[in-house]
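>>> Fold the following, please.
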Amino acid sequence: MLTQIYEISTIEEASALSAIGVDHIGVLVGDGRFPRELPISAASDIAAAIVPPSKFSALFLACDLAFIASWARELNPSIVHLGASAELLSPKDVVSLKRLLPGIVVMRSIPVVGEESVAIARSYDGIADFLLLDSYRSTDEQIGALGVTHDWSISRRIVDLAHVPVVLAGGLGPDNVAEAIQTVRPAGVDSKTRTDQDGSHAKDLERVCRFHEAARAAVARTEGNPHAD
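Residues are numbered from 1 along each chain as shown. Next comes the predicted model:
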């Protein structure tokens with residue numbers, strides 16, 4: 001079970017999450033159009049503090065392919081995570097980006113809002129290397145970071161149909177991640193808001209540790225009882 005934590009904003013957080021054993025350490029990067037985006041220099045310093053086997057995931061909310069490709073070449077993340085809304089970044093765009101960045105590993109956020117979400121997810125078959133299922137508000141240009149859960153039955157259907165690993169996001173924290181894993185059976189789980197410190201976007205390392213441990217324990221229980229649903 002992969003664990004993924006966003007938005008890491010300091011070298012100290014990156015080092016601590018590596019020590020905890022978080023698999024994907026996510027950094028929001030960009031030119032400041034969206035709140036809390038980090039510039040290349042800060043993101044590079046954070047990336048340097050991530051210790052393998054933990055991996056650096058660079059989250060782009062932008063939809064400008066040339067911009068994403070340029071920054072990805074400089075940052076050289078293990079994963080390029082694309083978080084722009086489905087209307088702003090299409091499967092064809094992702095194909096174009098992969099041509100610009102041969103060999104790049106792409107994670108694509110999928111908005112889970114209804115039946116249409118299944119079709120959106122399936123449209124990335126053979127294109128994205130990971131899917132991230134997240135909550136979405138129709139007025140947003142980006143997917144996720146809302147701190148609320150969505151309909152896990154839709155996420156489970158996507159997991160059952162997908163041919164690539166699926167990471168479940170959207171309002172997950174230490175107290176509900178086990179239930180989410182049992183219900184959806186994803187390849188990984190993601191947390192941002194519910195592993196933040198109260199009233200802050202800084203990470204609460206105790207919550208991160210509990211989230212990571214709860215996810216690992218849930219997998220052990222599920223594997224011990226394969227008929228549990």
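>>> show me where the chain has strands.
2-5, 24-29, 55-60, 79-82, 106-111, 130-134, 166-168, 188-191 (DSSP state E).
>>> could the ones you listed go into TSV alongside distance to Glu13 and mean neighbour count?
Yep, even glycine has a C-beta here, placed from its N, CA and C like the rest. Formatted as TSV, those follow (distance: least, C-beta to C-beta, whole Å; neighbours: other C-beta atoms under 10 Å):
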stretch	distance to Glu13	mean neighbour count
strand 2-5	9	23
strand 24-29	8	27
strand 55-60	13	25
strand 79-82	17	25
strand 106-111	20	25
strand 130-134	20	27
strand 166-168	20	26
strand 188-191	13	26
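>>> can you give me how far the top helix by length along the chain is from the chain middle?
If you go by DSSP state H, the chain has its longest helix at helix 205-224. Relative to the chain's own centre, helix 205-224 is displaced by 17 Å; criterion: C-alpha atoms, centre = their mean, to the nearest Å.
>>> out of the strands of the chain, which comes closest to Ser155?
strand 130-134 (4.7 Å; C-beta to C-beta).
>>> returning to that earlier point: could the strands of the chain go into CSV alongside distance to Gln182 and mean pLDDT?
As requested, the strands of the chain are exported to CSV (distance: least, C-beta to C-beta, whole Å; pLDDT from 0 to 100):
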stretch, distance to Gln182, mean pLDDT
strand 2-5, 16, 98
strand 24-29, 21, 98
strand 55-60, 25, 98
strand 79-82, 25, 98
strand 106-111, 21, 98
strand 130-134, 16, 98
strand 166-168, 11, 98
strand 188-191, 11, 98
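>>> Mind putting those strands into a markdown table with distance to Ala49?
Output for those, formatted as a markdown table (distance: least, C-beta to C-beta, whole Å):
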| stretch | distance to Ala49 |
| --- | --- |
| strand 2-5 | 14 |
| strand 24-29 | 9 |
| strand 55-60 | 10 |
| strand 79-82 | 17 |
| strand 106-111 | 21 |
| strand 130-134 | 23 |
| strand 166-168 | 22 |
| strand 188-191 | 20 |
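>>> wait, which of those strands is closest to Arg99?
Nearest of the strands of the chain (C-beta to C-beta): strand 106-111, 11.7 Å.
>>> tell me which strands and helices the closest one is in contact with?
strand 79-82, helix 91-100, helix 116-122, strand 130-134 (3 or more C-beta pairs under 8 Å, 6 or more residues apart in numbering; DSSP states H and E).
>>> now the angle from that strand to strand 24-29?
80 degrees (axes from the mean of the first three to the mean of the last three C-alpha atoms, to 10 degrees).
>>> Look up the residues forming beta bridges with Gln4.
Note on Gln4: beta-bridge partners His24, Asp190, judged by DSSP bridges.
>>> wait, it sits on His24?
Yes. With contacts counted by C-beta atoms under 8 Å, Gln4 reaches His24, the gap being 3.9 Å.
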